[in-house]
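S.K.: structure for this input, please:
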Amino acid sequence: MGAGQTRGLPGTHYGYDARGVMVMGGGISGRGGLGPQRRNTLRWAGHDYQGGAYFITAVTQGRRHLFGSVVDGAMRRSDAGEMVARRIEEIDRAFAGVASVDIHVVMPNHIHAIIVVRADPQPALRRVEGSARPPIPQPTAGPRLPSGAQHPGSLPAIMQWLKAMTTRDYMAGVESLGWPPFEGRLWQRGYHDRVLRDGERERARAYILANPAQWHEDPENPDDI
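M.R.: Numbering: from 1, shown residues only. Now for the predicted structure:
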């Protein structure tokens, strides 16, 4: 089965179109699906990514299997996969009052999640002594988000934090626990996101829950040919 014609749940297609845009639901014009996800570098004009529910996908560099394996339709996470899952779950605390994770799955070489970003964020903020810059939500561990790079309550800022924390933790695992090293970067540049509109959130939840069972038909599975 080709990479552009893979199937998740019955009636829910998941793959890439000719422009490299990830699609769910039989493509951009497919009926009954979620439509296209866009890579973060293809920003939606006029959309500030500060409110709404988003279906996101992030993939390891080179699609390497670093987070575990799928056995008999169930995901068995490695220690690295457990770390990634913990970091995803920490978004609720790291961005308290700003964002929360509805549901997620860690696959051998990618993650899916639904991240809900508040339109009127009330973050738990810590001001920097003597700084005139707007306060930035503080992660529970690790470095602060770079100032000025993204709006602190936006989806890009959350994904920037998640990638930075998991990369730092993975590098520590390579050094002290013998995790497989990666070349260059842990994650592919950017990520794919889809704004979930009315009626789409339940379909996205179902797709995420079924993802391990559909691994043999997943476009991120290098063995799927």
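
S.K.: SS state for Thr57?
M.R.: Counting by DSSP: H, G, I helix; E, B strand; the rest coil, the backbone at Thr57 sits in strand.

S.K.: ok, it to Met159 distance?
M.R.: Applying C-beta to C-beta, to the nearest Å, the value for Thr57 to Met159 is 11 Å. Yep, even glycine has a C-beta here, placed from its N, CA and C like the rest.

S.K.: pick out whichever of those two has more residues nearby.
M.R.: It is Met159, of Thr57 and Met159, that has more neighbours when counted by other C-beta atoms under 10 Å, with 23 against 19.

S.K.: state the distance from that one to Glu200.
M.R.: With C-beta to C-beta as the criterion, Met159 and Glu200 are 20 Å apart.

S.K.: could you do Leu209 as well?
M.R.: Plainly put, Leu209 is 15 Å away from Glu200 if you go by C-beta to C-beta.

S.K.: neighbour count: the two, which is higher?
M.R.: More crowded of Leu209 and Glu200, by other C-beta under 10 Å: Glu200, with 19 against 13.

S.K.: can you pull the pLDDT of the more buried one?
M.R.: Per-residue pLDDT puts Glu200 at 93.

S.K.: which residue ranges of the protein form helices?
M.R.: 79-89, 91-94, 155-177, 201-210 (DSSP state H).

S.K.: buried ones in the third one?
M.R.: Neighbour-count burial for helix 155-177 flags 155-166, 169-170, 173 (criterion: 16 or more other C-beta atoms under 10 Å).

S.K.: the second one too?
M.R.: Residues of helix 91-94 classed as buried by neighbour count (16+ other C-beta under 10 Å): 91, 94.

S.K.: now do that helix: which elements does it pack against?
M.R.: Applying 3 or more C-beta pairs under 8 Å, 6 or more residues apart in numbering; DSSP states H and E, we find helix 91-94 packed against strand 99-106, helix 155-177.

S.K.: need the contact partners of the first one.
M.R.: It refers to strand 99-106. With contact meaning C-beta atoms under 8 Å, 6 or more residues apart in numbering, strand 99-106 is reached by 53, 67-68, 75, 77, 81, 84-85, 88-89, 91-92, 111-118, 121, 153, 155, 158, 201, 205, 208-209, 211-212.

S.K.: same check, this time on stretch 79-92
M.R.: 66-68, 75, 77, 99-101, 104, 106, 108, 111, 113, 115, 139-140, 158, 161-162, 165-166, 169-170, 173, 177, 179.

S.K.: let's see 6 Å
M.R.: The contact list for stretch 79-92, computed with C-beta atoms under 6 Å, 6 or more residues apart in numbering, reads 66-68, 100-101, 104, 106, 113, 140, 165-166, 169-170, 173, 179.
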